[in-house]
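[1] One predicted model, sequence on top.
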Amino acid sequence: MALPQLSAKYDGAPRLAGLRPGIIHLGLGNFHRAHQAVYTRAALDAAGSADWGIIGVGSRSASVPDAMKAQDMLYTVVEIAPEGESFSIPGVHTDAFTAAAEPERVVSSIAAAGTRIVSLTVTENGYYYSPRTGHLAVDDPAIQRDLTDAARPSTPIGQIVRGLQSRAQSHAEPITVLSCDNLADNGHHTERLVKEFAGLLPEAEAVETLAFLERHVTFPSTMVDRIVPATTDHYRRLVAEGCGYRDDVPVPAEPFTMWVLEDRFAAGRPDWEAGGAIFSDEVSRYEELKVRLLNGTHSLIAYLGALTGAATIPEAVSTPEIEAAARTVLRDEYRPSVTAPRGTDLDEYEGQLFTRWRNTALGHRTSQVGSDGSVKLRQRIPAPALALLDAGRTPHFLALTVAGYLACLAPLPGFDAGPNAAAMVDPARGALAQAAEQSSSSADLARRVLGEQHLLGEELAGRDEFIARTGELLDTIRRHGALAAAAEAGAASANH
């Protein structure tokens, strides 16, 4: 049985009747389809509404949009738990296409009168900003093209600005731009980039667009959390066996899901609370909790796991030395830098994290978690590391995280980081490889990457003790392995 002919196997219809688009989403990846789409279905079911359908926009690959079209815009979310799987069909998308194939349509969809929210899951790299300054990467060729070609923008920031510019010219209704990416203060960050791009337009266009932005557009900040691995044939088989139909693009996901948002929407929103979303004035605290305790610790597990041959996060965290390292970095080095949101028990939160990481049925890959570290680590490490350094403490396990990253992404000649590290994708891999070729030692590589290239920003670039410690631990990884480096960090941490 094909997915469009799905029988009444689930409570409610797979697809809502008369669904009307109110959201255009940039980034039609697995995370959006297992997170925002699921919350939106719960909201529409609770309200009995069909006003918030989603138009999904992929970046370049047409595989997901084409498959969704062939399946009547339906797909299955496979919730993976040790005790078994459960299946659901969000059924909230009204259309899907790729920005690369139809750039004009992205602009017209944002400009459409019925669009009230533009949401994004385009990863940190999709915002085209300078990690060093936090500002728009105005010299990037893609940004330069978008500034001259109003009809065919290729970057998410260019697409948003050109769509909002068209709304301003047609005196359209207000709209909300909703970032759902792991960026610090993502709402204000997105707003700054959008306004910087708009300010570079010809003067009359800039004035009109910026005025519209000030009066009619809001940029709420959000925190999103759900582990969503890549789709594989294994999950396609689970759907076929468990549901009796073929789905080419199912989405696996862990049972846990969380969404925290500022309630600043210019033109209304779905009742996402019905799906468990939290509207709060403490988004930044939730964000710190997630980016540091969850994501930061997750990175350390991924790099140590990859270097010891662990293909998955559950396999990595089941290694006693890696679990001990993860607990120490979380408790002693990340946790002092966060303020818990009201009502949050940090001990309970930690326990919940390790339960999630041990979900062997999910099998989140170390190569996936370890990818894009050049962007991710800058969000996670500098603030807690600087706080400890200023207090006279060496953050041994934060340095170990960076050493593990360098060992995976910039192995020095003669060192084999293994297949899981080789599978990690990173926009800085080329520059890191060049730095490794030019380095005479682990200390030299740490100095080049952290001190000269400012991998973790300018402030840490000036902290010689952190750079030196990173180099020492990287040397231990090279000579004796990742577990020996974890033991060394643990011994030094215990004696601080």
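    Structure received.
[2] Just confirm residue 206 is within a strand.
    No: in this structure, residue 206 is helix, not part of a strand, as judged by DSSP: H, G, I helix; E, B strand; the rest coil.
[3] ok, now how distant is it from residue 424?
    Per Cβ to Cβ, to the nearest Å, residue 206 is found 40 Å from residue 424. All C-beta spots, glycine's among them, are computed from the backbone N, C-alpha and C.
[4] Who has more neighbours out of these two?
    Set side by side, residue 206 and residue 424 show unequal neighbour counts under other Cβ atoms under 10 Å, the larger going to residue 424 at 23 against 16.
[5] ok, the more buried one - contacts?
    Under the criterion of Cβ atoms under 8 Å, 6 or more residues apart in numbering, the contact partners of residue 424 comprise 306, 367, 370-371, 373, 408-409.
[6] same thing with residue 297?
    Shown here is residue 297, whose contacts under the criterion Cβ under 8 Å, 6+ apart are 326, 329-330, 334, 353.
[7] from the residues you listed, which is closest to residue 36?
    When the contacts of residue 297 are ranked by distance to residue 36 (Cβ to Cβ), residue 353 comes first, at 22.2 Å.
[8] Please name the nearest non-neighbouring residue to the closest one.
    Spatially, and ignoring its direct neighbours in sequence, residue 353 is nearest to residue 294 (5.8 Å; Cβ to Cβ, 6 or more residues apart in numbering).
[9] Neighbours of that neighbour, how many?
    Using other Cβ under 10 Å, residue 294 is surrounded by 23 other residues.
[10] what about it, which SS state?
    Residue 294 falls in the helix class when you classify it by three-state DSSP.
[11] correct me, but it touches residue 354?
    No: the pair residue 294 and residue 354 does not pass the contact test of Cβ atoms under 8 Å, sitting 10.7 Å apart.
[12] Wasn't residue 189 part of a helix?
    Yes: in this structure, residue 189 lies within a helix as judged by three-state DSSP.
[13] Quick check: which element contains the residue lying closest to it once chain neighbours are set aside?
    Once flanking residues are discounted, residue 189 sits nearest to residue 183: 5.1 Å by Cβ to Cβ, 6+ apart. Element membership for residue 183, per DSSP states H and E: none, as it lies in no helix or strand.
[14] Return the distance of residue 183 relative to residue 283.
    Relative to residue 283, residue 183 is positioned 12 Å away (Cβ to Cβ).
[15] The two: which is more packed in?
    It is residue 183, of residue 183 and residue 283, that has more neighbours when counted by other Cβ under 10 Å, with 25 against 22.
[16] Report the contact partners of that one.
    Counting by Cβ under 8 Å, 6+ apart, residue 183 touches 124, 127, 189-190, 379.
[17] For the residues you listed, which entry has the maximal number of neighbours?
    Comparing these on neighbour count, residue 190 comes out first with 25 neighbours (neighbours: other Cβ under 10 Å).
[18] and the helix ranked longest in the chain, what other elements does it pack with?
    Selection of the longest helix in the chain by residue count, based on DSSP state H, yields helix 464-480. Packed against helix 464-480 by the contact rule (3 or more Cβ pairs under 8 Å, 6 or more residues apart in numbering; DSSP states H and E) you find helix 382-390, helix 396-409, helix 442-446, helix 458-461, helix 482-494.
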